[in-house]
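Asks: I'll drop the sequence and a predicted model, then ask my questions.
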Amino acid sequence: MRHQFLMPYISMDIGNYLTPVLVFLFSIVLLLPLFSLLERNQRELEQERAVKTAMEAREGLAKELHDGMAQSLFLLSVRIERLEQNRRNGEVSGESIEQIKKTVHEVNSYVRQAIANLKVPVSVAQNFTLEQSVKEQLAQMASEVMIEVSLDWSLDDEALTSAEKAELLSCIREAIINVRKHTRAGKVAISGQGGRERWRVAVTDDGAGIPYEDPFAVSGSYGLQIMRERAERMGWRLSLGSDAAGTLVEITKGGDAE
């Protein structure tokens, strides 16, 4: 513009000084909106991260509450129903009341522990034997929900990490709870076979089946949804089949174990 239109008015020296000033001014005018846009995008990204972190924390808390307090409360309701039946039959015993008190104390202890866990970082799970843990869970739940349980376990304990064992044990526990809740079965059979690369765990019962075409899509079926999320997070395959002859819950890794 100086060469074409302003040569009579602006000398070469003045033009050399004026050029960087103009470049600076134009740069400021153009870059300020760009910087503002970048700052806005950064704030929105931070907000999305905060929301995601909060949602993950809520999901984790929901799983912890479901695995502990919700299931304990369900078992408590079963014991109360049994106590009510015994009362009608004139068979109320101090032992039944003591069992209910024990369950209430367990729920109270779990709530206190859950609150304490929210204040400290989650520690790494210690190693434990999966077969022994499954046996202990089955023995406890069989006595609580009055279900006959059989176990056929040959799954190599070294095939899973401590975290995988904990997740698998939670899935098995949820499957048994659902048997009592939905199918009213009297017998449950649990089997586990395979090794590190391929294994299969199955929970079968002789109940009336689950009266839904897709049990995972039923509103309020948080247990099944959480169980599926656990399996997907571990890279396992979870399938559920149900008919008049009973229900089969199957968890596999690398295909069906032989």
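Replies: It's in. Residues are numbered from 1 along each chain as shown.
Asks: If you average the pLDDT over the helix or strand harbouring residue 83, what comes out?
Replies: Under DSSP states H and E, the secondary-structure element containing residue 83 is helix 71-88. Throughout helix 71-88, pLDDT has a mean value of 76.
Asks: so how far is that helix from its chain's centroid?
Replies: For helix 71-88, the separation from the chain centroid amounts to 27 Å (computed by CA atoms, centre = their mean, to the nearest Å).
Asks: Ok, stretch 229-247 next?
Replies: Offset of stretch 229-247 from its chain centre (CA atoms, centre = their mean): 15 Å.
Asks: Give the buried residues for it.
Replies: With burial defined by 16 or more other CB atoms under 10 Å, the residues of stretch 229-247 counted as buried are 230, 231, 234, 236, 238, 240, 242, 246, 247. No exception for glycine: its C-beta is placed from N, CA and C like everyone else's.
Asks: confidence score at the spatially closest residue to the first one that is not a sequence neighbour?
Replies: In space, not counting the residues next to it along the chain, residue 230 is nearest to residue 167; the distance is 4.9 Å by CB to CB, 6 or more residues apart in numbering. Each residue has a pLDDT score; the one for residue 167 is 83.
Asks: By mean pLDDT, flag the weakest helix or strand of the chain.
Replies: Using mean pLDDT, DSSP states H and E, helix 94-117 stands out as the lowest-scoring helix or strand of the chain, at a mean of 65.
Asks: Neighbours of residue 224, how many?
Replies: Burial measure for residue 224: 23 neighbouring residues, criterion other CB atoms under 10 Å.
Asks: Ramachandran angles for it?
Replies: The phi and psi torsions at residue 224 (degrees, to the nearest 10) take the values phi -70, psi -40.
Asks: any idea how far it is from residue 238?
Replies: Computed as CB to CB, to the nearest Å, the residue 224 to residue 238 distance reads 9 Å.
Asks: low-scoring stretches of the stretch 101-250 of the chain, by residue?
Replies: 103, 105-128, 140-146, 180-183, 211-213, 217-222 (pLDDT under 70).
Asks: could you pull out the helices for it?
Replies: In the stretch 101-250 of the chain, helices defined by DSSP state H, counting those that start in this stretch lie at 130-145, 162-178, 222-234, listed in chain order.
Asks: coming back round to it: helices or strands up against the helix holding residue 83?
Replies: The helices and strands touching helix 71-88, judged by 3 or more CB pairs under 8 Å, 6 or more residues apart in numbering; DSSP states H and E, are helix 94-117, helix 130-145, helix 162-178.
Asks: follow-up on the earlier one: for the buried residues of stretch 229-247, which one is nearest residue 30?
Replies: Set against residue 30, the nearest of those by CB to CB is residue 234 (51.1 Å).
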